[in-house]
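A.B. asks: coords please:
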Amino acid sequence: MRNIAGRALLGFLMGIYVTGVWAAASAYEVMAEGDNATLVLHLKAPPDYKIRQTDKGRVLNFQHPLDLPDMSPAAKRLQRWLQSLWAGYDALLVKPQPGVQVRIERAGNDLMIHLEAGGEPPGTPKSRYPLERVEALLLLKSGKVLEARQRFADLVARHPGKVQPLLDLAGAEERLGRWRQALDAYEHALKIAPDSLEVAKARSRLRRVYGSRVKGGASYLSVGNDETRRMGRLEGRYLAGNGMVLALEYELRDAKVDVPIHRVDGRLSRFKGQRYSLALHLEQSLGRGEQRVSLFAGDKTVGLGWRYRLPGDDNQTEISLEWRKPWYESSEALAGYGARDRIALHHDRRLNKKVSLSAGASYNRYGLEDLSDAARSVRLQGGVRYYWSVEKPEISFGYNLDWEDMQDQAVRVDGAGQRFFPLPLEDREQHTIDAVWRNALNEHLVLGAQVGFEYDRRRDAQAPFGRLQLDYDPSEDFTATLNLETGLSSYRGGDDSFYRIGGDLTWRF
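C.D. replies: Reported below is the predicted structural model:
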């Protein structure tokens, strides 16, 4: 009699948790509402399992014994969503009904199996999801990326258990340059389908481009017979869990200039020494775009910066502000602790698969250690690029114009009473035509080449140039790059040639 009463009590408790009411002795629960249901397994330790897809359904193999009671009451309750539900010693079989989406989620010692019937019980009209997705894809193909992105977001909201709308949404976010939102979509999709190689690969690709990494490099630059520079560079980037990025850039230049340079005080001297520049960046989403706040530091200067990027349909607009950023492009700036203030606006647009345009304008103020306003300028830049082939090899042709009008240049008097410019910058009107070729030699090696011709009408300087770049990618975590470059040293005026050789090593984590 006592055994009969005990069995009756156990059956009563089983009936309670199968109907969704929690009981302390239960090892699982079933919760169902509308088209959705959830099976919750209350385990003795955090679930550690692997998933196998078979013709019988999805099999979860656990590292520890499940010790679950009879699952037949749960299988009966979930028959609208599941064809089969069976638990063994260390395995669980879940076979969904056709059209049912399965999402598996961990929460402490619990394993939650979410089931969605898609709102299509027998006898209901056919779902509009396939048609709505095709309509959104057509918008994306026609270049209406923002509108397509909103359609995909609506589909994700209405079908939270489906992976494909999330992948579509991530693709649209990438087209818009919103990599943080794209990464969030891939992370969400991976929770729904943790065994999906497609989702894992897409997430890994995005983190590889924008994720945490350390990059170190060195280069050697020779300008004519008068100037050499050895440069070392270190970059660090950390992607926090909330999509915020902390970045650091450090550059050390060891230079030797054999021609006399006019100092601010009028003295003539050659330069041999070191200069460094440091930048700390904080990047985060802001509205529909992305902002970056920067702190700059040099040998004798500290500055600030702010940049905002706004993506659109196949275009991107950027505005940036800089104050007292270290600037060592000219020999005089290198010797006199140069700095630059700038406000700039830049816009890129892809007209179609073959043609892209770029345009930019900036107002600049150049300074030295004891002369914060040595020169000012208005600078305009623009270009067009035609893509002959976007397949392998990639081939494109481009034209660029770089025009700068110098204004309000400071004038000083040297010891001999002669007037001179402590920062003798010149107007520029540089026209550049080039051809770029890039091809993957194998799965680890990519070779790129660029040849072109530069002509600066205002400085009467001209020269052909060429660049080679070899990328070696032995794994997802490491990339090595070798660069060789030669051409016109346009900032010095005349037609002095230069060559640069350098390399970088990147580690991603």
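A.B. asks: Could you find the closest non-adjacent residue to Ser497?
C.D. replies: Ala463 (6.1 Å; Cβ to Cβ, 6 or more residues apart in numbering). Yep, even glycine has a C-beta here, placed from its N, CA and C like the rest.
A.B. asks: Tell me the secondary structure of that neighbour, please.
C.D. replies: strand (DSSP: H, G, I helix; E, B strand; the rest coil).
A.B. asks: Can you report how many residues neighbour it?
C.D. replies: Counted by other Cβ atoms under 10 Å, the residues lying close to Ala463 total 18.
A.B. asks: List the residues that contact it.
C.D. replies: Applying Cβ atoms under 8 Å, 6 or more residues apart in numbering to Ala463 gives the contacts Phe453, Glu454, Gly487, Leu488, Asp495, Ser497.
A.B. asks: The nearest residue to Pro69 once chain neighbours are set aside - how many residues pack around it?
C.D. replies: Closest residue to Pro69 apart from its sequence neighbours, by Cβ to Cβ, 6+ apart: Ala27 at 5.6 Å. Neighbourhood size, Ala27 [other Cβ under 10 Å]: 17.
A.B. asks: any idea of the pLDDT on Ala27?
C.D. replies: For Ala27, the model assigns a pLDDT of 78.
A.B. asks: can you check Lys191 too?
C.D. replies: 84.
A.B. asks: and what of Gly34?
C.D. replies: At Gly34, pLDDT is 62.
A.B. asks: other SSEs contacting the strand or helix carrying Tyr308?
C.D. replies: Tyr308 is part of strand 302-312, with elements assigned from DSSP states H and E. For strand 302-312, the packing partners by 3 or more Cβ pairs under 8 Å, 6 or more residues apart in numbering; DSSP states H and E come out as strand 289-298, strand 315-326.
A.B. asks: I'd like these laid out as JSON lines, including distance to Gly216.
C.D. replies: What follows is those, written out as JSON lines (distance: least, Cβ to Cβ, whole Å):
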{"stretch": "strand 289-298", "distance to Gly216": "19"}
{"stretch": "strand 315-326", "distance to Gly216": "20"}
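A.B. asks: Can I get the ones you listed in TSV including mean pLDDT, mean neighbour count and distance to Leu280?
C.D. replies: Output for the helices and strands packed on strand 302-312, formatted as TSV (pLDDT from 0 to 100; neighbours: other Cβ atoms under 10 Å; distance: least, Cβ to Cβ, whole Å):
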stretch	mean pLDDT	mean neighbour count	distance to Leu280
strand 289-298	96	18	5
strand 315-326	96	18	12
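A.B. asks: among those strands, which is nearest Met231?
C.D. replies: strand 315-326 (13.1 Å; Cβ to Cβ).
A.B. asks: pLDDT at the spatially most central residue of the chain, what is it?
C.D. replies: Nearest to the geometric centre of the chain sits Tyr210, at 3.2 Å (Cα atoms, centre = their mean). Looking at Tyr210, its pLDDT stands at 83.
A.B. asks: residues contacting it?
C.D. replies: Contacts of Tyr210 (Cβ under 8 Å, 6+ apart): Trp179, Arg180, Leu183, Leu239, Val245.
A.B. asks: of all these, which two lie farthest apart?
C.D. replies: The distance between the two most remote of the contacts of Tyr210 (Cβ to Cβ) is 11.3 Å, for Leu183 and Val245.
A.B. asks: Looking at the two now, which is surrounded by more residues?
C.D. replies: Leu183 (21 against 18).
A.B. asks: what about the host helix or strand of that one, distance to the chain center?
C.D. replies: Element membership of Leu183 [criterion: DSSP H and E] is helix 179-192. Centroid separation between helix 179-192 and its chain, computed with Cα atoms, centre = their mean, to the nearest Å, is 13 Å.
A.B. asks: Mind listing residues that contact that helix?
C.D. replies: Under Cβ under 8 Å, 6+ apart, the answer for helix 179-192 is 101, 103, 105, 156, 161-163, 166-167, 169-171, 173-174, 196, 199-200, 202-203, 206-207, 209-210, 243, 285, 290.
A.B. asks: Next, the buried residues of it.
C.D. replies: 179-190, 192 (16 or more other Cβ atoms under 10 Å).
A.B. asks: So the residue lying closest to Ile51 once chain neighbours are set aside: helix, strand or coil?
C.D. replies: With Cβ to Cβ, 6+ apart as the criterion, Ile51 has its nearest non-adjacent residue at 4.3 Å, and that residue is Asp195. Using three-state DSSP, the structure places Asp195 in coil.
A.B. asks: My guess is Asp195 contacts Leu60. True?
C.D. replies: No - contact status for Asp195 versus Leu60: not in contact, 9.9 Å apart, counting by Cβ atoms under 8 Å.
A.B. asks: more neighbours, these two?
C.D. replies: Counted by other Cβ under 10 Å, Asp195 and Leu60 do not tie: Leu60 has more neighbours, with 21 against 14.
A.B. asks: Report the contact partners of the more buried one.
C.D. replies: Tyr49, Lys50, Ile51, Ala91, Leu92, Leu93, Val94, Ile104.
A.B. asks: ok, 10 Å please
C.D. replies: 41, 47, 49-52, 66, 87, 90-94, 104, 111, 113, 195 (Cβ atoms under 10 Å, 6 or more residues apart in numbering).
A.B. asks: Weed out the non-buried ones from these.
C.D. replies: Leu41, Pro47, Tyr49, Leu66, Ala87, Leu92, Leu93, Val94, Ile104, Leu111, Ile113.
A.B. asks: Tell me which residues touch the fourth one, please.
C.D. replies: Same thing as Leu66. Contacts of Leu66 by Cβ under 10 Å, 6+ apart are 27-28, 41, 43-44, 47, 49, 60, 87-92, 111.
A.B. asks: I'd assumed it was in a strand, is it?
C.D. replies: No - read with three-state DSSP, Leu66 is coil and lies in no strand.
A.B. asks: Let me see the backbone angles for it.
C.D. replies: phi -80, psi -40 (degrees, to the nearest 10).
A.B. asks: before we move on, the earlier item: now, the buried ones among the contacts of Leu60 that are in strands?
C.D. replies: Within the buried ones among the contacts of Leu60, residues falling in strands by DSSP state E are Leu41, Tyr49, Ala87, Leu92, Leu93, Val94, Ile104, Leu111, Ile113.
A.B. asks: Show me which of those residues is closest to Ala410.
C.D. replies: Closest to Ala410 out of those is Ile104 (68.5 Å), distances taken as Cβ to Cβ.
A.B. asks: What's opposite the closest one in the beta bridge?
C.D. replies: Ile113 (DSSP bridges).
A.B. asks: How about Leu221?
C.D. replies: Beta-bridge partners, per DSSP bridges, of Leu221: Arg229, Arg500.
A.B. asks: ok, it - contacts?
C.D. replies: 227-231, 253, 255, 485, 489, 498-502.
A.B. asks: Any chance of TSV for those, columns distance to Gly143, neighbour count and pLDDT?
C.D. replies: Below are those laid out as TSV (distance: Cβ to Cβ, whole Å; neighbours: other Cβ atoms under 10 Å; pLDDT from 0 to 100):
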residue	distance to Gly143	neighbour count	pLDDT
Glu227	47	20	90
Thr228	48	16	94
Arg229	44	20	94
Arg230	46	15	97
Met231	41	18	97
Arg253	44	19	96
Ala255	47	20	95
Glu485	35	17	94
Ser489	41	20	63
Phe498	41	20	87
Tyr499	42	15	90
Arg500	38	17	94
Ile501	41	15	97
Gly502	38	18	97
